[in-house]
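In: Predicted model follows, preceded by the sequence.
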Amino acid sequence: MITGAGGQLGHALAEAFPDALPLTRAEWDVSHPAPEGLDASLVLHAAAWTNVDGAEDDPQGAAAVNVGGTQHAAALGVPLVTWSTDYVFDGTKRTPYVESDPPSPLGAYGRTKLHAEAAAGNSAWVVRTAWLFGPTSHNFLRTMLRLGAERDEVAVVDDQRGSPTYVGHLAEATKQVTDLPHGVYHVAAAGDCTWAGFAEAIFEEAGLATRVRRITTAEFGAAQKAQLAPRPAYSVLRSEKGAPELPHWRDGLRACLARLDLV
Ligand SMILES: NC(=O)c1ccc[n+]([C@@H]2O[C@H](COP(=O)([O-])OP(=O)(O)OC[C@H]3O[C@@H](n4cnc5c(N)ncnc54)[C@H](OP(=O)(O)O)[C@@H]3O)[C@@H](O)[C@H]2O)c1
(Lines give C-alpha, C1' and ligand atoms only; values in the text may rest on other atoms or scores of the structure.)
Protein backbone atom coordinates (compact mmCIF):
# COMPACT_ATOMS: atom_id res chain seq x y z
CA MET A 1 0.00 0.00 0.00
CA ILE A 2 1.22 3.51 -0.82
CA THR A 3 -0.14 6.55 1.07
CA GLY A 4 0.18 10.04 -0.40
CA ALA A 5 0.08 8.49 -3.87
CA GLY A 6 -0.82 11.86 -5.40
CA GLY A 7 2.53 13.38 -4.38
CA GLN A 8 5.83 13.33 -6.26
CA LEU A 9 7.36 10.47 -4.27
CA GLY A 10 4.01 8.64 -4.24
CA HIS A 11 3.94 8.70 -8.05
CA ALA A 12 7.48 7.32 -8.26
CA LEU A 13 6.68 4.59 -5.71
CA ALA A 14 3.63 3.54 -7.72
CA GLU A 15 5.95 3.02 -10.71
CA ALA A 16 8.63 1.19 -8.73
CA PHE A 17 6.07 -1.00 -6.90
CA PRO A 18 3.46 -1.71 -9.62
CA ASP A 19 1.67 -4.31 -7.46
CA ALA A 20 1.09 -1.84 -4.60
CA LEU A 21 -2.29 -0.23 -3.92
CA PRO A 22 -1.80 3.56 -4.35
CA LEU A 23 -4.00 5.65 -2.05
CA THR A 24 -4.40 9.38 -2.57
CA ARG A 25 -5.54 11.80 0.12
CA ALA A 26 -9.12 11.39 -1.19
CA GLU A 27 -8.90 7.65 -0.51
CA TRP A 28 -7.24 7.90 2.90
CA ASP A 29 -6.75 11.18 4.73
CA VAL A 30 -4.03 9.91 7.04
CA SER A 31 -4.87 12.43 9.76
CA HIS A 32 -7.72 9.96 10.43
CA PRO A 33 -7.34 6.25 11.19
CA ALA A 34 -7.23 3.94 8.17
CA PRO A 35 -10.55 3.14 6.52
CA GLU A 36 -11.99 -0.28 7.41
CA GLY A 37 -10.92 -3.23 5.31
CA LEU A 38 -7.48 -2.06 4.14
CA ASP A 39 -5.15 -5.01 3.83
CA ALA A 40 -1.40 -4.73 3.19
CA SER A 41 1.83 -6.60 3.91
CA LEU A 42 3.95 -3.41 3.65
CA VAL A 43 2.99 0.26 3.93
CA LEU A 44 4.97 2.82 1.91
CA HIS A 45 3.91 5.91 3.83
CA ALA A 46 4.61 8.90 1.56
CA ALA A 47 1.70 11.11 2.69
CA ALA A 48 2.93 14.20 4.50
CA TRP A 49 2.42 17.89 5.14
CA THR A 50 5.38 19.20 3.10
CA ASN A 51 4.63 22.95 3.15
CA VAL A 52 7.64 24.06 5.21
CA ASP A 53 6.55 27.70 5.56
CA GLY A 54 2.89 26.77 6.11
CA ALA A 55 3.88 24.55 9.04
CA GLU A 56 5.08 27.65 10.94
CA ASP A 57 1.58 29.16 10.67
CA ASP A 58 -0.24 25.91 11.52
CA PRO A 59 2.09 23.62 13.46
CA GLN A 60 -0.84 21.63 14.83
CA GLY A 61 -2.19 21.00 11.35
CA ALA A 62 1.25 19.86 10.20
CA ALA A 63 1.56 17.59 13.25
CA ALA A 64 -1.88 16.07 12.64
CA VAL A 65 -0.72 14.90 9.20
CA ASN A 66 2.94 14.14 9.89
CA VAL A 67 2.83 12.71 13.40
CA GLY A 68 -0.82 11.58 13.55
CA GLY A 69 -0.65 10.22 10.00
CA THR A 70 2.45 8.16 10.78
CA GLN A 71 0.81 6.83 13.97
CA HIS A 72 -2.21 5.77 11.93
CA ALA A 73 -0.01 4.10 9.31
CA ALA A 74 1.95 2.26 12.02
CA ALA A 75 -1.32 1.18 13.64
CA LEU A 76 -1.97 -1.06 10.64
CA GLY A 77 0.53 -3.36 12.33
CA VAL A 78 2.57 -4.29 9.26
CA PRO A 79 6.12 -3.22 8.30
CA LEU A 80 6.29 0.42 7.34
CA VAL A 81 8.60 2.58 5.24
CA THR A 82 8.33 6.30 5.92
CA TRP A 83 10.34 9.24 4.67
CA SER A 84 11.88 11.92 6.85
CA THR A 85 13.93 14.96 6.01
CA ASP A 86 17.29 16.71 6.16
CA TYR A 87 15.34 19.49 7.93
CA VAL A 88 15.60 17.51 11.20
CA PHE A 89 19.15 18.97 11.32
CA ASP A 90 20.11 22.56 12.11
CA GLY A 91 22.71 22.83 9.34
CA THR A 92 25.64 23.94 11.50
CA LYS A 93 27.89 21.06 10.32
CA ARG A 94 30.07 21.47 7.23
CA THR A 95 30.54 17.74 6.59
CA PRO A 96 27.70 15.39 5.65
CA TYR A 97 25.16 14.48 8.32
CA VAL A 98 25.15 10.76 9.19
CA GLU A 99 22.49 8.79 11.02
CA SER A 100 24.14 9.15 14.46
CA ASP A 101 24.28 12.98 14.30
CA PRO A 102 21.88 14.53 16.82
CA PRO A 103 18.79 16.08 15.19
CA SER A 104 17.99 19.68 16.07
CA PRO A 105 15.24 20.97 13.77
CA LEU A 106 15.07 24.72 13.15
CA GLY A 107 11.37 24.89 12.29
CA ALA A 108 7.92 23.40 12.83
CA TYR A 109 8.05 21.16 9.75
CA GLY A 110 11.32 19.54 10.89
CA ARG A 111 9.95 19.12 14.42
CA THR A 112 6.83 17.32 13.18
CA LYS A 113 8.95 15.05 10.96
CA LEU A 114 11.26 14.22 13.88
CA HIS A 115 8.25 13.28 16.03
CA ALA A 116 6.94 11.27 13.08
CA GLU A 117 10.18 9.25 13.04
CA ALA A 118 9.41 8.15 16.60
CA ALA A 119 5.75 7.55 15.75
CA ALA A 120 6.76 5.09 13.03
CA GLY A 121 7.57 2.53 15.73
CA ASN A 122 10.01 -0.35 15.82
CA SER A 123 8.89 -2.18 12.68
CA ALA A 124 9.76 0.72 10.40
CA TRP A 125 12.42 1.91 8.03
CA VAL A 126 12.73 5.68 8.36
CA VAL A 127 14.40 7.05 5.22
CA ARG A 128 15.76 10.57 5.65
CA THR A 129 16.09 12.18 2.28
CA ALA A 130 16.44 15.70 0.87
CA TRP A 131 15.50 18.26 -1.78
CA LEU A 132 13.16 15.94 -3.72
CA PHE A 133 12.26 16.59 -7.33
CA GLY A 134 10.39 14.62 -9.98
CA PRO A 135 8.33 15.07 -13.12
CA THR A 136 5.05 15.63 -11.23
CA SER A 137 3.69 17.85 -8.43
CA HIS A 138 5.23 20.98 -6.92
CA ASN A 139 9.01 21.05 -6.76
CA PHE A 140 11.99 23.33 -7.38
CA LEU A 141 12.83 21.80 -10.76
CA ARG A 142 9.34 22.37 -12.14
CA THR A 143 9.27 25.91 -10.73
CA MET A 144 12.63 26.71 -12.38
CA LEU A 145 11.48 25.31 -15.74
CA ARG A 146 8.39 27.53 -15.56
CA LEU A 147 10.34 30.65 -14.53
CA GLY A 148 13.10 29.89 -17.03
CA ALA A 149 10.57 29.87 -19.87
CA GLU A 150 9.25 33.28 -18.73
CA ARG A 151 12.35 35.25 -17.68
CA ASP A 152 15.91 36.10 -18.72
CA GLU A 153 17.15 35.99 -15.13
CA VAL A 154 16.03 34.30 -11.92
CA ALA A 155 17.31 35.15 -8.42
CA VAL A 156 18.08 31.98 -6.47
CA VAL A 157 19.39 31.33 -2.96
CA ASP A 158 23.08 30.46 -2.85
CA ASP A 159 23.66 29.95 0.89
CA GLN A 160 21.80 26.66 1.43
CA ARG A 161 23.62 23.49 0.41
CA GLY A 162 22.09 20.05 -0.02
CA SER A 163 21.66 17.09 -2.34
CA PRO A 164 18.79 17.37 -4.86
CA THR A 165 17.33 13.87 -5.02
CA TYR A 166 15.36 12.42 -7.93
CA VAL A 167 12.27 10.60 -6.66
CA GLY A 168 12.70 7.86 -9.29
CA HIS A 169 16.12 6.95 -7.85
CA LEU A 170 14.79 7.15 -4.29
CA ALA A 171 11.77 4.93 -5.05
CA GLU A 172 13.97 2.26 -6.67
CA ALA A 173 16.38 2.33 -3.70
CA THR A 174 13.46 1.71 -1.33
CA LYS A 175 13.50 -1.95 -2.44
CA GLN A 176 17.05 -2.31 -1.07
CA VAL A 177 16.18 -0.45 2.13
CA THR A 178 13.61 -3.10 3.02
CA ASP A 179 16.40 -5.72 2.96
CA LEU A 180 18.15 -3.87 5.82
CA PRO A 181 17.26 -4.08 9.54
CA HIS A 182 14.55 -1.63 10.64
CA GLY A 183 15.84 1.82 11.65
CA VAL A 184 16.80 5.26 10.38
CA TYR A 185 18.75 5.53 7.10
CA HIS A 186 20.08 8.48 5.11
CA VAL A 187 19.30 8.08 1.39
CA ALA A 188 19.93 11.12 -0.82
CA ALA A 189 21.65 11.75 -4.15
CA ALA A 190 25.43 11.72 -4.34
CA GLY A 191 27.09 15.13 -4.64
CA ASP A 192 25.80 18.45 -3.36
CA CYS A 193 25.14 21.99 -4.51
CA THR A 194 23.28 25.14 -3.56
CA TRP A 195 19.80 25.96 -4.88
CA ALA A 196 21.47 28.44 -7.24
CA GLY A 197 23.85 25.75 -8.51
CA PHE A 198 20.93 23.41 -9.01
CA ALA A 199 19.02 26.09 -10.94
CA GLU A 200 22.04 26.71 -13.22
CA ALA A 201 22.30 22.98 -13.93
CA ILE A 202 18.55 22.79 -14.68
CA PHE A 203 18.78 25.64 -17.22
CA GLU A 204 21.94 24.19 -18.77
CA GLU A 205 20.56 20.65 -19.12
CA ALA A 206 17.18 21.90 -20.38
CA GLY A 207 18.84 24.18 -22.97
CA LEU A 208 17.48 27.42 -21.48
CA ALA A 209 19.57 30.62 -21.64
CA THR A 210 18.15 31.94 -18.35
CA ARG A 211 20.77 33.46 -16.03
CA VAL A 212 20.88 32.76 -12.29
CA ARG A 213 21.51 35.70 -9.94
CA ARG A 214 22.94 34.28 -6.73
CA ILE A 215 21.32 35.80 -3.63
CA THR A 216 21.24 35.10 0.11
CA THR A 217 18.35 33.54 2.01
CA ALA A 218 17.84 36.93 3.72
CA GLU A 219 17.58 38.71 0.35
CA PHE A 220 15.11 36.09 -0.89
CA GLY A 221 12.97 36.48 2.26
CA ALA A 222 12.96 40.28 1.90
CA ALA A 223 11.90 40.00 -1.77
CA GLN A 224 9.07 37.60 -0.86
CA LYS A 225 7.81 40.09 1.78
CA ALA A 226 6.94 37.06 3.89
CA GLN A 227 8.25 35.48 7.07
CA LEU A 228 9.86 32.28 5.82
CA ALA A 229 10.62 29.27 7.99
CA PRO A 230 14.28 28.93 8.95
CA ARG A 231 16.10 26.30 6.88
CA PRO A 232 19.45 24.58 7.46
CA ALA A 233 22.35 26.24 5.61
CA TYR A 234 23.99 22.84 5.10
CA SER A 235 22.07 19.56 5.05
CA VAL A 236 24.02 17.09 2.96
CA LEU A 237 23.14 13.53 4.05
CA ARG A 238 25.35 10.43 3.91
CA SER A 239 24.90 6.98 5.40
CA GLU A 240 27.22 5.36 7.90
CA LYS A 241 24.89 2.32 8.05
CA GLY A 242 25.17 0.86 4.55
CA ALA A 243 22.04 2.45 3.11
CA PRO A 244 21.79 2.26 -0.67
CA GLU A 245 23.82 4.89 -2.50
CA LEU A 246 21.97 6.92 -5.11
CA PRO A 247 23.35 8.28 -8.39
CA HIS A 248 24.72 11.85 -8.47
CA TRP A 249 22.06 14.58 -8.37
CA ARG A 250 23.02 15.68 -11.90
CA ASP A 251 22.25 12.18 -13.20
CA GLY A 252 18.91 12.42 -11.41
CA LEU A 253 18.30 15.78 -13.08
CA ARG A 254 19.00 14.32 -16.53
CA ALA A 255 16.78 11.31 -15.84
CA CYS A 256 13.94 13.58 -14.73
CA LEU A 257 14.30 15.92 -17.73
CA ALA A 258 14.26 12.87 -20.01
CA ARG A 259 10.93 11.90 -18.44
CA LEU A 260 9.68 15.38 -19.32
CA ASP A 261 11.07 15.01 -22.88
CA LEU A 262 13.40 17.98 -22.26
CA VAL A 263 16.73 16.36 -23.11
N1 LIG B 1 9.85 17.43 -1.01
C2 LIG B 1 11.04 17.38 -0.43
O3 LIG B 1 11.95 18.12 -0.82
C4 LIG B 1 11.31 16.43 0.69
C5 LIG B 1 12.58 16.43 1.29
C6 LIG B 1 12.83 15.53 2.31
C7 LIG B 1 11.85 14.66 2.73
N8 LIG B 1 10.62 14.69 2.14
C9 LIG B 1 9.61 13.76 2.62
O10 LIG B 1 9.33 12.84 1.57
C11 LIG B 1 7.96 12.44 1.63
C12 LIG B 1 7.30 12.64 0.28
O13 LIG B 1 7.34 14.02 -0.02
P14 LIG B 1 6.90 14.58 -1.45
O15 LIG B 1 7.97 15.49 -1.91
O16 LIG B 1 6.44 13.47 -2.32
O17 LIG B 1 5.66 15.47 -1.02
P18 LIG B 1 4.39 15.96 -1.86
O19 LIG B 1 4.69 15.93 -3.32
O20 LIG B 1 3.95 17.20 -1.20
O21 LIG B 1 3.36 14.78 -1.59
C22 LIG B 1 2.78 14.58 -0.34
C23 LIG B 1 1.45 13.94 -0.59
O24 LIG B 1 0.81 13.75 0.68
C25 LIG B 1 -0.51 14.14 0.52
N26 LIG B 1 -1.14 14.51 1.77
C27 LIG B 1 -1.04 15.68 2.46
N28 LIG B 1 -1.82 15.63 3.54
C29 LIG B 1 -2.41 14.41 3.54
C30 LIG B 1 -3.33 13.77 4.38
N31 LIG B 1 -3.81 14.37 5.48
N32 LIG B 1 -3.74 12.52 4.07
C33 LIG B 1 -3.28 11.89 2.96
N34 LIG B 1 -2.41 12.46 2.10
C35 LIG B 1 -1.98 13.70 2.41
C36 LIG B 1 -0.50 15.29 -0.44
O37 LIG B 1 -1.79 15.44 -0.99
P38 LIG B 1 -2.25 16.85 -1.60
O39 LIG B 1 -1.52 16.93 -2.91
O40 LIG B 1 -3.72 16.68 -1.71
O41 LIG B 1 -1.82 17.90 -0.63
C42 LIG B 1 0.52 14.81 -1.45
O43 LIG B 1 -0.09 14.02 -2.44
C44 LIG B 1 7.35 13.23 2.77
O45 LIG B 1 7.38 12.47 3.95
C46 LIG B 1 8.29 14.42 2.94
O47 LIG B 1 8.26 14.94 4.25
C48 LIG B 1 10.33 15.55 1.12
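Out: Yep, that arrived. Numbering: from 1, shown residues only.

In: Once you drop chain neighbours, what's closest to Val184?
Out: Nearest residue to Val184, sequence neighbours excluded (C-beta to C-beta, 6 or more residues apart in numbering): Val126, at 4.5 Å. No exception for glycine: its C-beta is placed from N, CA and C like everyone else's.

In: list the buried ones in whichever helix or strand the one you found is part of?
Out: Element membership of Val126, judged by DSSP states H and E, is strand 124-129. Going by neighbour count (16 or more other C-beta atoms under 10 Å), the buried part of strand 124-129 is 124-129.

In: Neighbours of the nearest residue to Ala16 once chain neighbours are set aside, how many?
Out: The spatial neighbour of Ala16 that comes closest, neighbours along the chain excluded (C-beta to C-beta, 6+ apart), is Ala171 at 3.9 Å. A count of neighbours around Ala171, defined by other C-beta atoms under 10 Å, yields 23.

In: Name the strands paired with the strand holding Val126 and say parallel or antiparallel.
Out: Partners of strand 124-129 in the sheet, by DSSP bridges, are strand 80-85 (parallel), strand 183-186 (parallel).

In: hmm, stretch 58-66 touching the ligand?
Out: Yes: Stretch 58-66 reaches the ligand (C-beta under 6 Å from any ligand atom) through Val65.

In: quick one: contacts for the residue in the stretch 151-263 of the chain positioned nearest to the ligand?
Out: Taking C-beta to the nearest ligand atom, the ligand has its nearest neighbour within the stretch 151-263 of the chain at Val167, 6.6 Å off. By C-beta atoms under 8 Å, 6 or more residues apart in numbering, Val167 lies in contact with 8-9, 11-12, 132-134.

In: the strands in the stretch 1-150 of the chain, which residues?
Out: For the stretch 1-150 of the chain, the strands defined by DSSP state E, counting those that start in this stretch cover 2-3, 22-23, 43-45, 80-85, 124-129, 132-133.

In: Export these as JSON lines, with columns for mean pLDDT and distance to Gly69.
Out: Formatted as JSON lines, the strands of the stretch 1-150 of the chain follow (pLDDT from 0 to 100; distance: least, C-beta to C-beta, whole Å):
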{"stretch": "strand 2-3", "mean pLDDT": "98", "distance to Gly69": "7"}
{"stretch": "strand 22-23", "mean pLDDT": "98", "distance to Gly69": "12"}
{"stretch": "strand 43-45", "mean pLDDT": "98", "distance to Gly69": "7"}
{"stretch": "strand 80-85", "mean pLDDT": "98", "distance to Gly69": "9"}
{"stretch": "strand 124-129", "mean pLDDT": "98", "distance to Gly69": "13"}
{"stretch": "strand 132-133", "mean pLDDT": "98", "distance to Gly69": "18"}
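
In: ranking the ones you listed by burial, who's on top?
Out: Across those, the average number of neighbours (mean count of other C-beta atoms under 10 Å) peaks for strand 2-3, which reaches a mean of 28.

In: Partner strands of that one, with direction?
Out: strand 22-23 (parallel), strand 43-45 (parallel).

In: any chance of those in JSON lines, with distance to the ligand too?
Out: Converted to JSON lines, the strands paired with strand 2-3 look like this (distance: least, C-beta to the nearest ligand atom, whole Å):
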{"stretch": "strand 22-23", "distance to the ligand": "8"}
{"stretch": "strand 43-45", "distance to the ligand": "8"}
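
In: Just put those in JSON lines and tack on distance to Arg211.
Out: As requested, those are exported to JSON lines (distance: least, C-beta to C-beta, whole Å):
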{"stretch": "strand 22-23", "distance to Arg211": "40"}
{"stretch": "strand 43-45", "distance to Arg211": "40"}
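
In: Near the closest residue to the ligand within the stretch 1-150 of the chain, how many other residues are there?
Out: Scanning the stretch 1-150 of the chain for the residue nearest the ligand gives Gly7, at 2.0 Å (criterion: C-beta to the nearest ligand atom). Using other C-beta under 10 Å, Gly7 has 24 other residues around it.
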